[in-house]
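*Asks:* Structural data only, the sequence is not supplied:
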C-alpha cells in the first residue's frame, strides 16, 4: 500500500509538471493621460493590447484595424488617430478610425512585456456629461481586428467611461460680474433716491 501511494504521488507530480499552465488571453485597455476632461479639451485615448502573444509566443502580428464609437452623440467628436510607428498607417485606405500593417512582422522579441499600444485616438470634448468610448472591430471585415501570421484573427473590443465636466468660470470673471452688479445697483439707487 505504501508503494502504491508513493507511485500515485510521483505520477501526480509528474503530470502537474508537464501540464500546461493556465494560458493568458489577449486583452485590451483604453488609457488616457488626462483624468479630468473639460468641455473644449482635446484629449487622446490609447488603445493598448496586453498579452499579445499569449496564445503562441512564436507567432507574428501583421496588422490591426478598429473603429471608435461613443455612447452619447454631441458630447465628443473624433478628430483622428496616430498609429504606432511600428505600423504603416492605412486608416484612410480601409475607411477605419485606426488601421496599420507592417512590412516586417512584429514578434515577441519586439514587444517588451507583450504590451503594445496600437494607436492613439484623438477626441474633442464638445459638451458636459458622461460618455462611453467603445473600440470595436468586426471580424467579418478582413481589415479589422488583430491579424496574425499563424493564428486566427482576434477581435478588438474594449470600452471605457469618461466624464466631461463643464468649464468653471474663472475667478476674475466672477469678480467682474459682481462689480457690474454692484455698479448697476448703485446707479439704480442714485436714480431713485
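*Replies:* Sure, I can see it. Note that this is a predicted model, so its numbers are computed, not measured.
*Asks:* Following element in sequence after the least confident helix or strand in the chain by mean pLDDT, please.
*Replies:* When the helices and strands of the chain are scored by mean pLDDT, DSSP states H and E, helix 2-18 comes last with a mean of 51. The helix or strand immediately downstream of helix 2-18 is strand 27-31, counting by DSSP states H and E.
*Asks:* Pull out the buried residues from stretch 123-133.
*Replies:* Judged by neighbour count using 16 or more other C-beta atoms under 10 Å, the buried positions of stretch 123-133 are 123, 125, 126, 129, 131, 133. Where you see a C-beta, it was placed from the backbone N, CA and C, and this is true even at glycine.
*Asks:* Which of these fall in strands?
*Replies:* 123, 125, 129, 131, 133 (DSSP state E).
*Asks:* Tell me the one among the residues you listed nearest to residue 156.
*Replies:* residue 133 (13.0 Å; C-beta to C-beta).
*Asks:* Setting aside sequence neighbours, what's the nearest residue to the closest one?
*Replies:* residue 70 (5.2 Å; C-beta to C-beta, 6 or more residues apart in numbering).
*Asks:* Let me see the contact set for the one you found.
*Replies:* Counting by C-beta atoms under 8 Å, 6 or more residues apart in numbering, residue 70 makes contact with 76, 78, 131, 132, 133, 134.
*Asks:* And residue 69, by the same measure?
*Replies:* 133, 134, 135, 136.
*Asks:* in this protein, what spans have low per-residue confidence?
*Replies:* 1-24, 112, 169-177, 180, 182-183, 185-193 (pLDDT under 70).
*Asks:* can you map out the strands along this protein?
*Replies:* Counting by DSSP E, the chain has strands at residues 27-31, 37-38, 42-50, 60-70, 76-83, 88-89, 98-107, 116-125, 129-136, 145-148, 158-165.
*Asks:* now those strands in CSV, with distance to residue 178?
*Replies:* CSV is the format used below for the strands of the chain (distance: least, C-beta to C-beta, whole Å):
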stretch, distance to residue 178
strand 27-31, 41
strand 37-38, 23
strand 42-50, 32
strand 60-70, 38
strand 76-83, 34
strand 88-89, 52
strand 98-107, 48
strand 116-125, 29
strand 129-136, 29
strand 145-148, 57
strand 158-165, 23
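*Asks:* right, and the ones you listed - which one's nearest residue 179?
*Replies:* strand 37-38 (25.9 Å).
*Asks:* Partner strands of that closest one, with direction?
*Replies:* strand 158-165 (parallel) (DSSP bridges).
*Asks:* Surely residue 125 and residue 45 touch.
*Replies:* No: counting by C-beta atoms under 8 Å, residue 125 stays clear of residue 45, with 11.7 Å between them.
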